[in-house]
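Participant: Predicted model, plus sequence, below.
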Amino acid sequence: MNRVLVFFSLLIILCASCSTNDETYNPKNIISKSREDSILLNIVKYTDEHRPDSINLENRFEKKNEPFFKGIMNKYTLDYLYKDKDGTYYYFIYKVARGVDDMYVGIGGKFKLGPDNQLQDFEESFRMWRMLHKDLKVKGAEVYADFINNKPLDKYMNNEKVQYIEFPNDFVGYDKNKKEWVATKLR
């Protein structure tokens, strides 16, 4: 009986902390809806890796390519947003995994906001394994909490059994100049 009571007590505490985090980092409490849409569109331009051949890393922000990115925005959700005292925004988005409609991928990173909602100093800091939405909500909240508190994310990496963070890993890292994931060494 005591074990059941302890289990439910822990479950209530966990649920309460998750709902607090959801509201504390809810983008709607930090920015307007139009700004949220603009920021998400710009994040998608950086993070979507399945662009047509005509859209590359150099021309992805050109007006002629905007319809493509607006067309795929419905696959993305800006789930968490936090702004620190120096003006850096920390984001967590998720998207439908390619080819698997019931699986999702979480992506976290940071940027500063320039004029006209242009992202500056953009960085994709981690990309999570594809997983069910319910699992991503729990694991994503856990990783994001450590991320915004500048805690090391090593415990979430390089562990295919637990499957939190897929990138970076021992072989793939984020190139801040190119704004993309690149091979760091061969397997």
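Facilitator: Nice, thanks for sending it over.

Participant: Could I get the buried residue list for stretch 92-109?
Facilitator: Within stretch 92-109, the residues that count as buried by 16 or more other C-beta atoms under 10 Å are 92-97, 103-109. The C-beta positions use only the backbone N, C-alpha and C, and glycine is treated the same way.

Participant: What separation is there between the most centrally placed residue in the chain and residue 143?
Facilitator: What sits nearest the mean C-alpha location of the chain, by C-alpha atoms, centre = their mean, is residue 107, with 2.5 Å. Distance of residue 107 to residue 143, given as C-beta to C-beta, to the nearest Å: 11 Å.

Participant: Report the set of residues contacting both of those two.
Facilitator: Shared contacts of residue 107 and residue 143, defined by C-beta atoms under 8 Å, 6 or more residues apart in numbering, comprise 126, 128.

Participant: can I have stretch 132-147 written out in CSV, keeping just the CAs?
Facilitator: Extracted in CSV, the C-alpha atoms of stretch 132-147 (Å, rounded to 0.1, in the frame of the first residue of the first chain):
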residue,chain,number,x,y,z
LEU,A,132,6.2,8.8,-30.3
HIS,A,133,4.7,12.2,-29.4
LYS,A,134,4.0,11.2,-25.8
ASP,A,135,7.6,10.1,-25.3
LEU,A,136,9.0,13.2,-26.9
LYS,A,137,6.9,15.5,-24.6
VAL,A,138,8.5,13.9,-21.6
LYS,A,139,12.0,13.5,-22.9
GLY,A,140,12.0,16.9,-24.6
ALA,A,141,10.9,18.7,-21.5
GLU,A,142,13.7,17.0,-19.5
VAL,A,143,16.4,17.8,-22.0
TYR,A,144,15.1,21.4,-22.5
ALA,A,145,15.1,22.1,-18.8
ASP,A,146,18.8,21.1,-18.6
PHE,A,147,19.6,23.0,-21.8
